[in-house]
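>>> What would the 3D arrangement of this be:
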Amino acid sequence: MPMDRAQLKATIKRYLDQYDREHSRLATRLTHYVGIPMIVVSIPLALVSPLLAGGLFVGGWALQLTGHFLLERNAPSLLADPLYLLVGPLWVGIQLLQWLGLSLPEYLTPAAARAGG
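All right, here's what the predicted structure looks like:
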């Protein structure tokens, strides 16, 4: 049975809150703010410049793994649930929109931001 809209919003909120908790250190967040866009851009870029795309892809993952294993000292969420491959770019996009001062629906606002932290 498909999810209704309320269930979908609650699920997105749970994923974002969990992702936010697992990226609590500023240094880890910074590695993801840079690394995730590098990975996302590398995918379509592979059609135009495979070498540049490969460098961005590997560099983006290196930043993320550094953030997890050396700084945050936890495993990437996607090892437990591959859906986090989609949650990460959504999380970065939400952060960008918040930095730009744009208002977001409550279910797209991480728990720490809702609590004022």
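>>> What helix or strand is the spatially most central residue of the chain located in?
Computing the C-alpha centroid of the chain and ranking residues by CA atoms, centre = their mean puts residue 88 first, at 2.0 Å. Element membership for residue 88, per DSSP states H and E: helix 84-99.
>>> which residues in the chain form helices?
5-21, 26-45, 50-65, 84-99, 111-114 (DSSP state H).
>>> Enumerate the residue intervals of this structure where per-residue confidence is below the cut-off.
Counting by pLDDT under 70, the chain contains low-confidence ranges at 1, 112-117.
>>> just the helices of the chain: most buried one?
Among the helices of the chain, helix 26-45 has the highest mean neighbour count (mean count of other CB atoms under 10 Å), at a mean of 17. For every residue, glycine as well, the C-beta is placed using N, CA and C.
>>> Hmm, residue 45 is touching residue 55, no?
No: using CB atoms under 8 Å, residue 45 and residue 55 do not qualify as a contacting pair, with a distance of 9.8 Å.
>>> before we move on, the earlier item: could you pull up the residues touching the residue nearest to the centre of the chain?
By CB atoms under 8 Å, 6 or more residues apart in numbering, the residues touching residue 88 are 19, 32, 36, 77, 78.
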